[in-house]
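J.: what's the 3D shape of this:
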Amino acid sequence: MAISTTFIPPSSIIKNILFVSLVLLTLANCAGLDSKNMVAQVDETAAPFTTGQSIAKIEIRGEKEEVFGGPAFAQKDQIIDAARATLRNSGLFTSVDEGQGELRLEIIVRSQNQLDSMMLEYTAVTTITYRFTDPSGKIVWFKTYETEFSSHAFSGATRTVEAREGSVRENLASLVEGISTSWKN
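T.: Here you go, the predicted model:
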């Protein structure tokens, strides 16, 4: 019985190692969206304002379904987590989503899109409606915000994630600003 050996040129081995390394690096950069990166920063130097009310429950509807190989979109639970943290940090309400309170917040995700961007730039656009209602269902306050955020990260996956997270974060910042300036007690 003869044993056959095949010679593999070193350049082929190096090419295969580089290819596998590139694939692994790409997969490492394909991290999903993180709700912690969607929490809006609250301006602590702003004049203190509080509604004097609490939010008993936050509900959400509308969500863009992801397709395999397509861009990542913010999911319902991520948006609720980010909204809850943003509103708690804002100090606008006595409590947020703790089961007791006067208000219900309904978040309606109208769209999550992107703009035509230049090379190495990705701009995400998010449109969300926020509706506060009292126990009888009467609308206390509502507003729709469309926000965009761009990323220039080298990795395409990172660009998409940063832009999507940033767009939601900007939307929540607009919510806090809107409540601070137009909420009527």
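
J.: Now do Arg88, the pLDDT please.
T.: Turning to Arg88, the model gives it a pLDDT of 93.

J.: where does the most centrally placed residue in the chain land in three-state SS?
T.: Nearest residue to the geometric centre of the chain (CA atoms, centre = their mean): Glu165, 3.5 Å. In three-state terms, and counting by DSSP: H, G, I helix; E, B strand; the rest coil, Glu165 is helix.

J.: quick one, what contacts Gly101?
T.: Applying CB atoms under 8 Å, 6 or more residues apart in numbering to Gly101 gives the contacts 53-57, 93-95. Bear in mind the C-beta positions are built from the backbone N, C-alpha and C, glycine included.

J.: Could you pull out the strands in the protein for me?
T.: In the chain, the strands defined using DSSP state E lie at 55-61, 103-115, 122-133, 139-151.

J.: Who are the packing partners of the first one?
T.: By that I understand strand 55-61. When contacts are defined as 3 or more CB pairs under 8 Å, 6 or more residues apart in numbering; DSSP states H and E, strand 55-61 sits against helix 76-90, strand 103-115.

J.: right, so those: which one is the most enclosed?
T.: Among the helices and strands packed on strand 55-61, ranked by average contacts under mean count of other CB atoms under 10 Å, first place goes to helix 76-90 (a mean of 20).

J.: Could you list the residues in contact with stretch 166-180?
T.: Where contact means CB under 8 Å, 6+ apart, the residues beyond stretch 166-180 that reach it are 37-42, 46, 49, 51, 74, 78-79, 82-83, 86-87, 90, 92, 112, 124-126, 128, 130, 141, 143, 145-151.

J.: Show me which positions of that stretch end up buried.
T.: Of the residues in stretch 166-180, 166-180 count as buried by neighbour count, 16 or more other CB atoms under 10 Å.

J.: Just give me the closest of those to Glu106.
T.: Leu175 (12.6 Å; CB to CB).

J.: one step back: buried subset of the contacts of stretch 166-180 as a PyMOL selection?
T.: Buried subset of these, written as a PyMOL selection, criterion 16+ other CB under 10 Å:
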select buried, resi 38+39+40+42+51+74+78+79+82+83+86+87+90+92+112+124+125+126+128+130+141+145+147+148+149+150+151
